[in-house]
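Engineer: this one's structure only:
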(Lines give C-alpha, C1' and ligand atoms only; values in the text may rest on other atoms or scores of the structure.)
Protein backbone atom coordinates (compact mmCIF):
# COMPACT_ATOMS: atom_id res chain seq x y z
CA UNK A 1 0.00 0.00 0.00
CA UNK A 2 1.01 3.61 0.34
CA UNK A 3 3.29 5.48 2.70
CA UNK A 4 0.49 8.03 3.05
CA UNK A 5 -1.99 5.59 4.58
CA UNK A 6 -1.33 4.01 7.95
CA UNK A 7 -2.53 0.47 8.61
CA UNK A 8 -3.74 0.18 12.17
CA UNK A 9 -4.90 -2.63 14.44
CA UNK A 10 -6.91 -3.12 17.61
CA UNK A 11 -3.60 -2.93 19.49
CA UNK A 12 -2.38 0.31 17.87
CA UNK A 13 -5.77 2.10 17.70
CA UNK A 14 -5.43 4.07 20.94
CA UNK A 15 -1.99 5.46 20.11
CA UNK A 16 -2.51 5.91 16.34
CA UNK A 17 -6.03 7.34 16.45
CA UNK A 18 -7.25 8.38 19.88
CA UNK A 19 -3.98 10.06 20.91
CA UNK A 20 -3.19 11.56 17.50
CA UNK A 21 -2.52 15.30 17.49
CA UNK A 22 -4.28 15.74 14.16
CA UNK A 23 -7.63 14.43 12.92
CA UNK A 24 -7.63 10.80 11.76
CA UNK A 25 -9.95 9.37 9.11
CA UNK A 26 -10.27 5.63 9.70
CA UNK A 27 -11.44 3.42 6.85
CA UNK A 28 -12.96 0.23 8.24
CA UNK A 29 -12.65 -2.26 5.36
CA UNK A 30 -12.11 -5.89 4.33
CA UNK A 31 -10.17 -7.55 1.51
CA UNK A 32 -13.30 -9.21 0.05
CA UNK A 33 -15.35 -5.97 -0.07
CA UNK A 34 -15.78 -4.53 -3.59
CA UNK A 35 -16.78 -0.99 -2.53
CA UNK A 36 -13.83 -0.98 -0.09
CA UNK A 37 -11.46 -1.67 -2.99
CA UNK A 38 -13.16 1.01 -5.08
CA UNK A 39 -12.55 3.71 -2.47
CA UNK A 40 -8.90 2.69 -1.95
CA UNK A 41 -7.38 4.78 -4.79
CA UNK A 42 -9.53 7.76 -3.75
CA UNK A 43 -8.23 7.53 -0.17
CA UNK A 44 -4.71 7.33 -1.62
CA UNK A 45 -5.18 10.64 -3.50
CA UNK A 46 -6.83 12.35 -0.53
CA UNK A 47 -4.04 11.16 1.80
CA UNK A 48 -1.48 12.92 -0.43
CA UNK A 49 -3.53 16.11 -0.75
CA UNK A 50 -4.27 16.36 2.97
CA UNK A 51 -0.78 15.32 4.11
CA UNK A 52 0.07 17.16 7.33
CA UNK A 53 -3.57 18.15 7.95
CA UNK A 54 -5.16 14.76 8.50
CA UNK A 55 -4.00 11.18 8.89
CA UNK A 56 -5.75 8.51 6.85
CA UNK A 57 -5.75 5.05 8.39
CA UNK A 58 -7.19 1.68 7.37
CA UNK A 59 -8.40 -1.05 9.69
CA UNK A 60 -9.16 -4.53 8.37
CA UNK A 61 -12.37 -5.59 10.14
CA UNK A 62 -11.63 -9.29 9.63
CA UNK A 63 -8.23 -9.10 11.34
CA UNK A 64 -9.37 -6.63 14.02
CA UNK A 65 -12.74 -7.09 15.65
CA UNK A 66 -12.63 -5.26 18.99
CA UNK A 67 -12.50 -1.67 17.68
CA UNK A 68 -15.08 -2.14 14.88
CA UNK A 69 -17.44 -3.74 17.44
CA UNK A 70 -16.89 -0.85 19.86
CA UNK A 71 -17.97 1.65 17.18
CA UNK A 72 -20.87 -0.46 15.93
CA UNK A 73 -19.46 -1.05 12.44
CA UNK A 74 -22.06 -3.10 10.56
CA UNK A 75 -21.50 -2.13 6.93
CA UNK A 76 -18.23 -1.52 5.16
CA UNK A 77 -16.60 0.59 4.04
CA UNK A 78 -17.32 2.80 7.03
CA UNK A 79 -15.27 5.97 7.40
CA UNK A 80 -15.07 7.61 10.81
CA UNK A 81 -13.30 10.90 11.39
CA UNK A 82 -11.75 11.15 14.85
CA UNK A 83 -10.80 14.50 16.36
CA UNK A 84 -9.15 14.79 19.76
CA UNK A 85 -9.82 11.12 20.47
CA UNK A 86 -13.55 11.34 19.70
CA UNK A 87 -15.54 10.05 16.72
CA UNK A 88 -16.65 13.37 15.17
CA UNK A 89 -18.31 12.20 11.93
CA UNK A 90 -19.16 9.00 10.10
CA UNK A 91 -20.04 7.90 6.55
CA UNK A 92 -20.98 4.42 5.39
CA UNK A 93 -20.41 3.25 1.82
CA UNK A 94 -18.09 4.13 -1.03
CA UNK A 95 -18.16 7.69 -2.31
CA UNK A 96 -16.66 9.82 -5.04
CA UNK A 97 -13.57 11.91 -4.31
CA UNK A 98 -15.59 15.14 -4.21
CA UNK A 99 -17.97 13.66 -1.64
CA UNK A 100 -15.06 12.45 0.47
CA UNK A 101 -13.23 15.80 0.44
CA UNK A 102 -16.48 17.64 1.26
CA UNK A 103 -17.04 15.25 4.18
CA UNK A 104 -13.49 15.87 5.46
CA UNK A 105 -13.56 19.64 4.90
CA UNK A 106 -16.87 20.08 6.71
CA UNK A 107 -15.63 18.11 9.73
CA UNK A 108 -11.99 19.13 10.33
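Structural biologist: In hand now; what should we look at? Since the model is a prediction, treat every value here as computed from it, not as a measurement.
Engineer: count of neighbours near residue 54?
Structural biologist: 20 (other Cβ atoms under 10 Å). For the C-beta atoms, the positions are set from N, CA and C on the backbone; glycine is no exception.
Engineer: distance of it from residue 82?
Structural biologist: Separation of residue 54 from residue 82 (Cβ to Cβ, to the nearest Å) stands at 10 Å.
Engineer: Now the common contact residues for these two.
Structural biologist: 23-25 (Cβ atoms under 8 Å, 6 or more residues apart in numbering).
Engineer: Most neighbours among the residues you listed, which one is it?
Structural biologist: Using other Cβ under 10 Å as the contact criterion, the top neighbour count among these goes to residue 25, which has 26 neighbours.
Engineer: doesn't residue 104 make contact with that one?
Structural biologist: Yes: shown here, residue 25 and residue 104 form a contact pair, counting by Cβ atoms under 8 Å, at 6.5 Å.
Engineer: Give the intersection of the neighbour lists for the two.
Structural biologist: Listed contacts common to residue 25 and residue 104 are 54, 81; contacts here mean Cβ under 8 Å, 6+ apart.
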